[in-house]
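**Q** mind folding the following:
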Amino acid sequence: MILLEYANRIIIETLRERFSNPITTSLNIADFDGVGYRLSTPESKTLLVVSMRMPCFGELLQYGAMDVLRREYGSMLEATPEPGFEVTLKVDIEKVPQDYSDREALIRKIALLKRNALAAPFEQAFDAQIDGRETPLMAIHYRDTEVFYVKAGTDRVTVIFSTEFKEEQDRILGKVFLQEFVDARRLPQIQNAPQVLYTNRDPPLELRGQPGLKDSENIGYVTFVLFPRHFSKEKREDTISKIQLFRDYLHYHIKCSKSYMHSRMRARVAEFLKVLNRAKPEPVNVEKKTIAGKTFKRS
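**A** Numbering: from 1, shown residues only. Below is the predicted model of the structure:
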């Protein structure tokens with residue numbers, strides 16, 4: 001198993017190289033959930049342009065995504081993005097901090113562009129709950145057939161993921177994993193973890209009457225109930241980052257489990273073949289040779 005990172009690893013490695021040795025760049029990078037990046041130097045080798053394409057960015061704008069990006073990136077954020085992209089940052093390599101820690105912090109901040117854009121509805125919900133306000137249900141269609149919803153209540157913030165299992169095996173394994181989320185919270189050491197609820201096919205009450213809900217056995221709904229202790233000042237950023245990766249982690253573990261089971265099945269088949277080969281009877285009337293080279297047949 002690997003640990004999925006909040007930041008895009010390819011962007012981190014590329015920026016480290018370009019900041020140390022500026023060269024002409026034109027690089028396209030893919031990320032989870034249909035997000036794409038382009039790193040280029042259209043004007044000069046020391047002026048790096050980072051652009052992001054995100055299918056759900058139009059919805060994020062309604063919930064303050066641009067305010068979050070302005071806060072995080074300041075003057076790097078371009079008012080007009082590159083054609084075909086929703087967000088563009090322009091980085092002057094000659095003005096990059098020389099201190100290693102400051103430089104790494106800048107690199108990581110740029111690599112968190114997707115995470116920071118997606119943080120907008122969570123921040124809005126957390127702020128509303130702290131102020132004692134409720135918010136309407138915020139729907140983010142972050143994948144073609146999957147949506148996550150965020151809603152602030154007077155005493156909690158509810159986050160709901162709809163996820164689609166395209167294969168029967170995925171649906172079975174996903175149900176096992178998600179039920180374990182529900183059951184594991186009963187353990188004494190993690191009773192303070194967010195409450196997790198799972199339903200298959202039937203949407204939770206918060207989504208009843210929402211347009212566009214699919215009625216299919218392949219659709220599951222996972223609900224996280226976050227209380228103020230889960231998004232306190234110290235935990236807020238980490239909570240946002242972790243919950244964004246939930247869907248990717250779920251399907252990653254499903255694929256890893258299938259791969260492990262297939263490798264075990266292949267190993268078991270290989271062992272069975274060895275047993276069958278050892279049990280195979282010798283053919284009759286086979287011509288054999290003695291040490292002296294003479295041939296004979298055993299009848």
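**Q** now the residue nearest the centre of the chain: which helix or strand?
**A** Centroid check for the chain by Cα atoms, centre = their mean gives D248 as the closest residue, at 3.1 Å. Here D248, judged by DSSP states H and E, is contained in helix 246-278.
**Q** that older thread, quick one: contacts for the residue nearest to the centre of the chain?
**A** Counting by Cβ atoms under 8 Å, 6 or more residues apart in numbering, D248 touches 4, 32-33. The C-beta positions use only the backbone N, C-alpha and C, and glycine is treated the same way.
**Q** and those residues as TSV, adding distance to D127?
**A** Converted to TSV, the contacts of D248 look like this (distance: Cβ to Cβ, whole Å):
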residue	distance to D127
L4	27
F32	26
D33	24
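**Q** for I11, state which of these is nearest.
**A** Closest to I11 out of these is F32 (13.2 Å), distances taken as Cβ to Cβ.
**Q** quick revisit: please pick the buried ones from the contacts of D248.
**A** When the contacts of D248 are checked for burial by 16 or more other Cβ atoms under 10 Å, the buried set is 32-33.
**Q** of the contacts of D248, closest to L273?
**A** Lowest distance from L273 to those (Cβ to Cβ) belongs to L4, with 37.3 Å.
**Q** look up how far K242 lies from that closest one.
**A** Separation of L4 from K242 (Cβ to Cβ, to the nearest Å): 10 Å.
**Q** so how far is stretch 11-27 off the chain centroid?
**A** Centroid separation for stretch 11-27 versus its chain: 24 Å, with Cα atoms, centre = their mean, to the nearest Å.
**Q** average pLDDT for it?
**A** Mean pLDDT, computed over stretch 11-27, is 93.
**Q** check which residues of it are buried.
**A** Within stretch 11-27, the residues scored as buried using 16+ other Cβ under 10 Å are 11-12, 14-15, 18-19, 22, 25.
**Q** so where's the chain uncertain?
**A** For the chain, applying pLDDT under 70 flags the ranges 1-2, 282-288, 291, 293, 295-299.
**Q** the helix or strand L60 falls within: what's the following helix or strand?
**A** Per DSSP H and E, L60 falls inside helix 57-62. As assigned by DSSP H and E, the chain's next helix or strand after helix 57-62 is helix 65-73.
**Q** for that next one, name the packing helices and strands.
**A** Using 3 or more Cβ pairs under 8 Å, 6 or more residues apart in numbering; DSSP states H and E, the elements in contact with helix 65-73 are helix 100-111, helix 113-130.
**Q** same thing but 7 Å
**A** Applying 3 or more Cβ pairs under 7 Å, 6 or more residues apart in numbering; DSSP states H and E, one finds that helix 65-73 contacts helix 113-130.
**Q** run the chain-centre distance for the helix or strand following the helix it packs on.
**A** Moving toward the C-terminus from helix 113-130, the next helix or strand (DSSP H and E) is strand 138-140. A distance of 17 Å separates the centroid of the chain from that of strand 138-140, by Cα atoms, centre = their mean.
**Q** pull out the buried residues from the helix holding L60.
**A** 57, 59-60.
**Q** packing partners for it?
**A** If you count contacts as 3+ Cβ pairs under 7 Å, 6+ apart, helix 57-62 packs onto helix 113-130.
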